[in-house]
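Undergrad: Dropping a prediction and its sequence here:
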Amino acid sequence: MADLSEYKVGIVLSVEDCTGGGNKSKPLRACQVNVGDEANPITVVTAASNVREGSRVAVAVEGSTVITEEGEEMKITKTTVGGVVSQGMFCDSRMLGWAGGAAGIAAQIPESIAIGESPPLVKPRKGESSSTDAIPPVQVEGLYEKKLSKEEKKKLAEEKRKARKAAKEAKKAEGE
């Protein structure tokens, strides 16, 4: 397992497309990332689809070591990717040794962990304390409602018809 103390929590400041014109591989994006030194953000080129401006992600910075899919250690160095110099790599859950999460999807870090610190040793869960706990839950009506049977639909339609007919008759009586 890689040494997580080498990694840093970063926040994505900007995202720009850097995919070459004839390239048929995944679209690449160059991200400016603050990993603790606001005055000197680093550039990370990624194909991770979940990275947006404002994303808080785990970053393997230049000089750190990651474990490849084959289980081998790889030292992170400055590398030109898609014509842009990349100074690090976004980590997915597997690289951090976390249970769950998809390969190739940048691991998201909660706001409770400061920029520039090492990512947590275990995957943060939604139920754990963080600054987002203060947000009240949203009630979405109808999401899990029971579907109506044919009889219930017919009864509902009949009630609507009767209500329209009564309103029409009331309007007609009012006009006389």
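TA: Structure received.
Undergrad: burial measure for the residue nearest to residue 122 when sequence neighbours are not counted, as a count.
TA: In this structure, residue 122 finds its nearest non-sequential neighbour in residue 98, 6.5 Å apart by CB to CB, 6 or more residues apart in numbering. Heads up, the C-betas are built off the backbone N, CA and C, glycines and all. For residue 98, the tally of surrounding residues (other CB atoms under 10 Å) stands at 19.
Undergrad: Could you verify my assumption that residue 98 touches residue 108?
TA: No: applying CB atoms under 8 Å, one finds residue 98 not in contact with residue 108, separated by 11.1 Å.
Undergrad: Check residue 138 and give its pLDDT.
TA: pLDDT recorded at residue 138 is 50.
Undergrad: Would you map the strands across the protein?
TA: 7-17, 29-34, 42-46, 56-61, 65-67, 73-75, 79-81, 84-86, 88-90 (DSSP state E).
Undergrad: which one's the longest helix in the protein?
TA: Longest helix in the chain, counting residues (DSSP state H): helix 150-175.
Undergrad: Any idea how far that helix is from the middle of the chain?
TA: Centroid separation for helix 150-175 versus its chain: 47 Å, with CA atoms, centre = their mean, to the nearest Å.
Undergrad: again with stretch 69-78
TA: Using CA atoms, centre = their mean, the offset of stretch 69-78 from its chain centre is 24 Å.
Undergrad: Give me the pLDDT for the most centrally placed residue in the chain.
TA: A centroid search over the chain (CA atoms, centre = their mean) returns residue 50, at 4.9 Å, as the residue closest to the centre. On pLDDT, residue 50 comes in at 83.
Undergrad: tell me the contacts of it?
TA: 105-106, 108 (CB atoms under 8 Å, 6 or more residues apart in numbering).
Undergrad: Please apply the same query to residue 30.
TA: 15-18, 43-45, 82, 84, 86.
Undergrad: With mean pLDDT and distance to residue 165 added, can I get the strands of the chain in a markdown table?
TA: Formatted as a markdown table, the strands of the chain follow (pLDDT from 0 to 100; distance: least, CB to CB, whole Å):
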| stretch | mean pLDDT | distance to residue 165 |
| --- | --- | --- |
| strand 7-17 | 86 | 58 |
| strand 29-34 | 87 | 59 |
| strand 42-46 | 87 | 62 |
| strand 56-61 | 86 | 58 |
| strand 65-67 | 78 | 71 |
| strand 73-75 | 83 | 75 |
| strand 79-81 | 84 | 69 |
| strand 84-86 | 85 | 68 |
| strand 88-90 | 85 | 63 |
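Undergrad: what's the most buried one of those?
TA: strand 88-90 (a mean of 25; mean count of other CB atoms under 10 Å).
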